[in-house]
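**Student:** Sequence plus the predicted model coming up.
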Protein chains: 2
Amino acid sequence: MVVFAGQGDARRSMELLWGPRVVAPRTGPGPKPGLSVEAIVAAAIEIADAEGMAALSMRAVGEQLGRTAMALYTYVPGKTELVDLMYDRTLGELPSSYPLSSGWRAAALAVADELWALHLRHPWLLQVSPARPVLGPGEFHVQETLLSVLASTGLPLTRVRWVVAALFNIVRGSVQAAAESRQAAAETGLSEEDWWQARSALLGELAPDLAARFPTVARLGDEGAFEAGASDEPYLEREARLSFEAGVELLLDGVEAAIVRAAG
Amino acid sequence: MVVFAGQGDARRSMELLWGPRVVAPRTGPGPKPGLSVEAIVAAAIEIADAEGMAALSMRAVGEQLGRTAMALYTYVPGKTELVDLMYDRTLGELPSSYPLSSGWRAAALAVADELWALHLRHPWLLQVSPARPVLGPGEFHVQETLLSVLASTGLPLTRVRWVVAALFNIVRGSVQAAAESRQAAAETGLSEEDWWQARSALLGELAPDLAARFPTVARLGDEGAFEAGASDEPYLEREARLSFEAGVELLLDGVEAAIVRAAG
DNA sequence: TACATTACTTTAGGCTGTAAGGAGTCGGCA
DNA sequence: TGCCGACTCCTTACAGCCTAAAGTAATGTA
C-alpha cells in the first residue's frame, strides 16, 4: 500500500527530469529502441488533454504508440514518474520573457494570463500536484519566471516568494472552476444553463429554507450574480475568469500597498 | 468511461446531501437497517483522515463497519456520491460565528485560520473538489460564512464574491503544500530535512547549471530562505503556513485598498 | 557462430468499482 | 398460524487498473 520512494527511484526520476531529452543512439547489442521517453510523455499529454486524466492509463499510452502497456516500462519506471514528467514538461511551456518596460504590474498580469491559459489548455495539471513537488526544470522555470517579474517591485525576495505562492494559488484555484465547467458540459452533454437550472430546481424543492439559512448567499443570488448575461461564454467559465482577474488585481493591490509601506 | 449524471442520480445525490440526517425508523416489512448513511460517511472520513484518499475503497469502508463493500450500496448510490457527502459534511464543520467587534479584518483572519485548520485536519479535501460543485449544505455554509464576514467591509456583494474566491484559493493552495509535506514524511519515513538534503544533492549533481538557469530562485536559496530555522515545526510545513499567512494578509491589503478607493 | 544485451510481449496477481442474483430477516395481512 | 413482499446483506463475477516475472525476438560484439 505504502510506497517507499527509495534513493534509487528518486535518482531515476531526477535523471529523467533533468537528463538530455534527445538520447544519443545506443551502441551495443540488442534491438534499437523504437520509442523514447519524450515520445511517451508527448503521447500521454495528448491523451490527458483530449480525454482527461481519468482516461490516462498505461495501456492507453501504449496503444497510442502501437505498443503494449508493458513496453513503456523499458523507458519509464512507472506511472507516477510518467505523470511527473508530463507535469514538468508542460510547465516548461510557459513563455519566459515578460518586458518590464510597462511596469511590474503589467508584466505580472501577463505572466498570470499565460499561466491561466496554460492550465486551461492542460486542465489535468490541476489533478497532478496533490503529489509532492516534482523539482523538475519546468517547475523551476515557472518559479523563476514569477519570481523575477515580481522581484522587480523592489520588495525583498523573501517577501516576493509569498506573492508568487499566492498568485500561483489564485490561478490554479480559479482555473480549476473553469476547467470543471468545461468538463462537466462535455461529459453530461447538458448545457451549463440546463444543468444549473435542474440543480436550482432541486435545491428549491429539497432545501426550501435556503434563503433563511444562507441569507448572504441568497442575497448574492438576488442581485443577479448568477445570471447568464449576454455573452456567449459559458457562464461558469466566465465566472471563473472574472474570479481570476479580480483575485489577481486584489493581490497586486496588496503588493502595491506593501511597496508603499516599505518605501514610506 | 463517460458517466452521464442523469436526472435521477442528481436527485438522489441532493436528497442525501439535504435530507434529514437521522432517518425515522422504518415501519414495514424487512430487516432493520444495520447501517446508516451518516455512519458510512463517518467511517469513510475516518479512513481518509488516517490513511489518505488513496486508501479509501468501498471494501475498506465496508470492512470498517463489519460489512462487505456491496452492503454500502443499499445506502449510497456509489463511491462518487459518498465522496461528495464526505466533502460536504466536513465543510460543515467550519465554525460559523465570528465576532465583528474587532473589525472585519480580524474576523476574516479568524475564518481563514479555521478554514486552514479544517483542511489540515482533513487533507483529502484537497483531492475532492476537482469535481464539480457539490451544492450541499456544507459548501453553502462555508460560502455564507466567508461572504457574511467580508460583506461587513461595505463593499458591494458582487465584489466580495471575488474576495471570497481568492481567499479560498489561497487557503487551499497553501494548505496543500503543508499536507503534502506531512504525507511525504509519513510515507517515506524520511524526515523532511533528510528528504530535502537527498534531493538537493541530486539536484546539484544532475543540474549543475541550476544557479545560472534560474538565478532568482538561486538567489532566494542563497538568502537562506530554505533554512530549517530554530523551531521544531517541519520546515515545509512552516513554509506553507507562512505562505498562507502572508497570502491572506496581502489579499486583505488589497481589500483595504478597494475600500479606500470606493470611499474616496 | 555463439553470446550477451536489449525491446517488447504474454501471462498473471492483486487491486479497484459495481452489476446481478440469491439468502436470510422481518412486518403486516389472510 | 402461515405466507407474502419488502428489505438488508452476501456471494459471485466482470472489466479495468498497475506492474512483477518470465519468455521471445532482435541486434551488435567477440
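**Tutor:** Perfect, thanks for sending it.
**Student:** Quick one: the helices in chain A, in order.
**Tutor:** Along chain A, counting by DSSP state H, helices occupy A:7-18, A:37-51, A:58-64, A:79-91, A:104-121, A:137-151, A:157-188, A:192-206, A:210-213, A:215-222, A:235-263.
**Student:** I'd like these laid out as a markdown table, including distance to residue B:54, mean pLDDT and mean neighbour count.
**Tutor:** All C-beta atoms are positioned from the backbone trio N, CA, C, and that covers glycine. Putting the helices of chain A into a markdown table (distance: least, Cβ to Cβ, whole Å; pLDDT from 0 to 100; neighbours: other Cβ atoms under 10 Å in any protein chain shown) gives the following:
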| stretch | distance to residue B:54 | mean pLDDT | mean neighbour count |
| --- | --- | --- | --- |
| helix A:7-18 | 18 | 85 | 17 |
| helix A:37-51 | 19 | 97 | 18 |
| helix A:58-64 | 17 | 98 | 17 |
| helix A:79-91 | 12 | 97 | 22 |
| helix A:104-121 | 24 | 97 | 19 |
| helix A:137-151 | 23 | 97 | 22 |
| helix A:157-188 | 20 | 88 | 22 |
| helix A:192-206 | 30 | 85 | 15 |
| helix A:210-213 | 35 | 96 | 14 |
| helix A:215-222 | 33 | 92 | 17 |
| helix A:235-263 | 28 | 93 | 19 |
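**Student:** could you dump those to a markdown table with distance to residue B:36?
**Tutor:** Output for these, formatted as a markdown table (distance: least, Cβ to Cβ, whole Å):
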| stretch | distance to residue B:36 |
| --- | --- |
| helix A:7-18 | 43 |
| helix A:37-51 | 37 |
| helix A:58-64 | 39 |
| helix A:79-91 | 37 |
| helix A:104-121 | 40 |
| helix A:137-151 | 45 |
| helix A:157-188 | 30 |
| helix A:192-206 | 19 |
| helix A:210-213 | 23 |
| helix A:215-222 | 29 |
| helix A:235-263 | 34 |
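**Student:** Which pLDDT value goes with residue A:1?
**Tutor:** The per-residue pLDDT reported for residue A:1 equals 29.
**Student:** Can I get stretch A:153-161 as CSV, trimmed to CA atoms?
**Tutor:** Output in CSV follows, covering the C-alpha atoms of stretch A:153-161 (Å, rounded to 0.1, in the frame of the first residue of the first chain):
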residue,chain,number,x,y,z
THR,A,153,8.9,45.5,-7.5
GLY,A,154,11.9,46.1,-5.3
LEU,A,155,10.4,44.1,-2.4
PRO,A,156,12.8,41.8,-0.6
LEU,A,157,12.9,38.4,-2.3
THR,A,158,11.8,36.6,0.8
ARG,A,159,8.5,38.5,0.6
VAL,A,160,8.2,38.2,-3.1
ARG,A,161,8.2,34.5,-2.5
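**Student:** and the gap between the closest residue in space to residue A:49 that isn't next to it in sequence and residue A:87?
**Tutor:** Closest residue to residue A:49 in three dimensions, ignoring its sequence neighbours and counting by Cβ to Cβ, 6 or more residues apart in numbering or on different chains: residue A:122, at 6.0 Å. Taking Cβ to Cβ, to the nearest Å as the criterion, residue A:122 is separated from residue A:87 by 9 Å.
**Student:** One more: residue A:25?
**Tutor:** Here residue A:25 is placed at a distance of 28 Å from residue A:87 (Cβ to Cβ).
**Student:** just residue A:59 next, same as before
**Tutor:** Counting by Cβ to Cβ, the separation of residue A:59 from residue A:87 is 21 Å.
**Student:** And for chain A, the residue most distant from the center?
**Tutor:** Here the centre of chain A is the reference, and by Cα atoms, centre = their mean the most remote residue is residue A:29, at 42.1 Å.
**Student:** Sort out which residues of stretch A:125-138 are buried, please.
**Tutor:** Neighbour-count burial for stretch A:125-138, counted by 16 or more other Cβ atoms under 10 Å in any protein chain shown, picks out A:125, A:126, A:127, A:128, A:129, A:130, A:132, A:134, A:135, A:136, A:137, A:138.
**Student:** And the pLDDT for the first one?
**Tutor:** Think residue A:125. What the model reports as pLDDT for residue A:125 is 95.
**Student:** Would you mind confirming that it is in contact with residue A:89?
**Tutor:** No. Distance between residue A:125 and residue A:89: 10.9 Å, which falls outside the contact criterion (Cβ atoms under 8 Å).
**Student:** Leaving out sequence neighbours, find the closest residue to residue A:207.
**Tutor:** residue B:18 (4.9 Å).
**Student:** Spit out the contact partners of that neighbour.
**Tutor:** A:203, A:206, A:207, B:136, B:137 (Cβ atoms under 8 Å, 6 or more residues apart in numbering or on different chains).
**Student:** before we move on, back to that, which among the helices of chain A is found nearest to residue B:178?
**Tutor:** Nearest to residue B:178 among the helices of chain A is helix A:157-188 (11.8 Å), distances taken as Cβ to Cβ.
**Student:** Pull up the gap between residue A:153 and residue A:233, please.
**Tutor:** Using Cβ to Cβ, residue A:153 is found at 32 Å from residue A:233.
**Student:** should've said residue A:142
**Tutor:** 27 Å.
**Student:** Report the contact partners of residue A:39.
**Tutor:** Residues counted as contacts of residue A:39 (Cβ under 8 Å, 6+ apart) are residue A:65.
**Student:** re the thing from before, save the contacts of residue B:18 as TSV, and put in distance to DNA strand D too.
**Tutor:** Formatted as TSV, the entries for those read as follows, by distance: Cβ to the nearest atom of the strand, whole Å:
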residue	distance to DNA strand D
A:203	26
A:206	20
A:207	24
B:136	22
B:137	23
